[in-house]
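Trainee: can't give you the sequence, but here's the structure:
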């Protein structure tokens, strides 16, 4: 238990110490009116209390990631704790905070616009398409998954098509209605469920005396899967996830003051890391090691089965209800905001005002038509690319943030180091993955490292120039 509680403590210390340091590097301006105040349109730009913003942000970025990803990542053993802690503090929370604050500084801009400003128009066009595709995939999968689960629970009365229709209608409403009408009202409740569920699971582990293994850097994966870079792809939410960069702008349009940025953006990521750490530890402890966990994943139908088994066993019927609520609610609360973010990204790219409700319908209807079509086919093979796409998006977002900090003559290394690291992760993975080039590790490892070093050298050259002095910041105003 020493390793687990030390990890929890490090995450909390990381929020107060490193989070404060990153905040000082960015230099929030508390007297600067935020987009929520200046551009309040009652739809997407709506000032809300920071505590509500925090819970909505937590639900937006969490989904099933900090539970399912952490459970699968726990197959590598307690070394997964190290990635969750260091990744959450040094990469994920930095990523979420910087993108959220950059969105604040650019009138609530979405990720493609931010990338275009700091990495150029070609990257903007690429990331715009990349982001919309990822968001629609996320929304569709988080539409079909809960529908399938609810269909199993109500097999005698309601079928998959019924639940798919219910979720589809809900998603459409949350996509086009003002953010404070549905999302702003029910997300805080769902956020509380997520936190209570995680705390309850850990309490059950402690009361029942399941031993949480202490730290070892050994690869304990029963199947012998390589630690690098698979662990860093498997545990995304909970450590770092590019999907978060598509969600932070939603809340950037609702923040009342820049002083709340660390609490909402950095803080929500640390909270997600705590949840991921709890589920990773609980999975290993409950199944008595990684081999038992592998058997549980195989025999119980994957992470959802593991969650149900652990919850009912540790918490009884109440825990079972919470498990079902969690497994259904979490993907739903990421799926709806995925479609909403897709609408806003397309609207921003095409410069379509979103105040008039008809304009929202013009974008939302085609998006949901595509999502419904995808829900009727088997695109499992395509979806396997999401894990890589997710971390690639994080890599791009971090490089954009690093350029911003460099232009401001701030300490860009807080973004540059994790950007280079994620470049190595992303490139190495796609070179060796079954859905990638399938190269042996003897080739993928050095090529991935070389790609990261090359990206870093190009960045440093462009920042410092031939004379070794930082390139002057652009005089262009930050607000668009």
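Mentor: Alright, I've got the coordinates. Note that the structure is a prediction, hence the values are computed from the model and not measured.
Trainee: Return the residues in contact with residue 176.
Mentor: 343, 357, 360-361, 364 (C-beta atoms under 8 Å, 6 or more residues apart in numbering). C-betas here are computed from N, CA, C, even on glycine.
Trainee: Scan those and report the most crowded one.
Mentor: residue 343 (26 neighbours; other C-beta atoms under 10 Å).
Trainee: I'd like the distance from the spatially closest residue to it that is not a sequence neighbour to residue 353, if you could.
Mentor: Among residues not flanking residue 343 along the chain, residue 363 sits closest, at 4.9 Å (C-beta to C-beta, 6 or more residues apart in numbering). As judged by C-beta to C-beta, to the nearest Å, residue 363 and residue 353 stand 11 Å apart.
Trainee: which regions of the stretch 101-250 of the chain lie under the pLDDT threshold?
Mentor: 152-153, 155-157 (pLDDT under 70).
Trainee: hmm, back to that, neighbour-wise, which of residue 363 and residue 353 wins?
Mentor: residue 363 (20 against 10).
Trainee: one step back: after the helix or strand hosting the residue nearest to residue 343, which helix or strand is next? Please name it.
Mentor: Following DSSP states H and E, the helix or strand that holds residue 363 is helix 357-375. Remark: after helix 357-375, the chain's next helix or strand is helix 380-407, criterion DSSP H and E.
Trainee: Name the residues of the helix or strand that that following helix is followed by that come out as buried.
Mentor: Next in sequence after helix 380-407, counting helices and strands by DSSP H and E, comes helix 413-432. Going by neighbour count (16 or more other C-beta atoms under 10 Å), the buried part of helix 413-432 is 414-432.
Trainee: how much distance is there from helix 413-432 to the middle of the chain?
Mentor: With C-alpha atoms, centre = their mean, to the nearest Å as the basis, helix 413-432 stands 16 Å off its chain's centre.
Trainee: which parts of the helix or strand that comes right after it are buried?
Mentor: The helix or strand immediately downstream of helix 413-432 is helix 441-464, counting by DSSP H and E. By neighbour count with 16+ other C-beta under 10 Å, helix 441-464 contains the buried residues 444-445, 447-448, 451-452, 455-456, 459, 463.
Trainee: tell me the angle of helix 441-464 relative to helix 413-432?
Mentor: With axes from the mean of the first three to the mean of the last three C-alpha atoms, to 10 degrees applied, the angle from helix 441-464 to helix 413-432 works out at 150 degrees.
Trainee: Show residues contacting helix 441-464.
Mentor: Applying C-beta under 8 Å, 6+ apart, the contact partners of helix 441-464 are 226, 228-229, 399, 402-403, 406, 412, 416, 419-421, 423-425, 427-429, 431-432, 437, 439, 470-471.
Trainee: Try it again at 6 Å.
Mentor: Here helix 441-464 makes contact (C-beta atoms under 6 Å, 6 or more residues apart in numbering) with 406, 420, 423-424, 427-428, 431-432, 470-471.
Trainee: hmm, back to that, in this structure the residue nearest to residue 343 contacts residue 341, no?
Mentor: No: using C-beta atoms under 6 Å, residue 363 is not in contact with residue 341, being 11.7 Å away.
Trainee: Could you confirm residue 223 falls within a helix?
Mentor: No: secondary structure of residue 223 (DSSP: H, G, I helix; E, B strand; the rest coil): coil, not part of a helix.
Trainee: Excluding sequence neighbours, find me the nearest residue to it.
Mentor: Leaving aside its sequence neighbours, residue 223 is closest to residue 294 (7.0 Å, by C-beta to C-beta, 6+ apart).
Trainee: For the one you found, the count of nearby residues, please.
Mentor: The number of residues packed near residue 294 is 17, by other C-beta under 10 Å.
Trainee: With residue 197 instead?
Mentor: Using other C-beta under 10 Å, residue 197 has 24 other residues around it.
Trainee: and it, what element?
Mentor: helix 183-208.
Trainee: And for residue 167?
Mentor: Assigned by DSSP H and E, residue 167 falls in helix 160-176.
Trainee: what angle separates that helix from helix 357-375?
Mentor: Going by the same axes, to 10 degrees, helix 160-176 makes 150 degrees with helix 357-375.
Trainee: Can you give me the distance of residue 387 to residue 149?
Mentor: 21 Å.
Trainee: ditto for residue 137
Mentor: When residue 137 is compared with residue 149 (using C-beta to C-beta), they lie 19 Å apart.
Trainee: Report the buried residues of the helix or strand harbouring residue 129.
Mentor: Assignment of secondary structure by DSSP H and E places residue 129 within helix 121-153. For helix 121-153, burial by neighbour count (16+ other C-beta under 10 Å) applies to 123-124, 126-128, 130-147, 149-151.
Trainee: ok, residue 281 - contacts?
Mentor: Counting by C-beta under 6 Å, 6+ apart, residue 281 touches 4, 212.
Trainee: Give me the three-state assignment for it.
Mentor: helix.
Trainee: pLDDT wise, what is it at?
Mentor: Looking at residue 281, its pLDDT is 95.
Trainee: repeat for residue 297
Mentor: The model reports residue 297 with a pLDDT of 92.
Trainee: One more: residue 395?
Mentor: Reading off the model, residue 395 has pLDDT 96.
Trainee: That one: how many residues sit nearby?
Mentor: So residue 395, with other C-beta under 10 Å, has 25 neighbours.
Trainee: ok, now how distant is it from residue 426?
Mentor: According to C-beta to C-beta, residue 395 stands 5 Å off from residue 426.
Trainee: Nearest residue to residue 333 in space, please, no chain neighbours.
Mentor: residue 59 (4.3 Å).
Trainee: Surely the one you found is within a helix?
Mentor: Yes: looking at residue 59 with three-state DSSP, it is inside a helix.
Trainee: Can you give me every residue that contacts it?
Mentor: When contacts are counted by C-beta under 6 Å, 6+ apart, residue 59 touches 187, 190-191, 333.
Trainee: Next: residue 71.
Mentor: For residue 71, the contact set (C-beta under 6 Å, 6+ apart) comprises 279, 283, 303, 306.
Trainee: Looking at these, which one is closest to residue 19?
Mentor: residue 279 (22.5 Å; C-beta to C-beta).
Trainee: That closest one - nearest residue in space that isn't next to it in sequence?
Mentor: Residue 279's closest residue in space is residue 70 (C-beta to C-beta, 6+ apart), at 4.3 Å.
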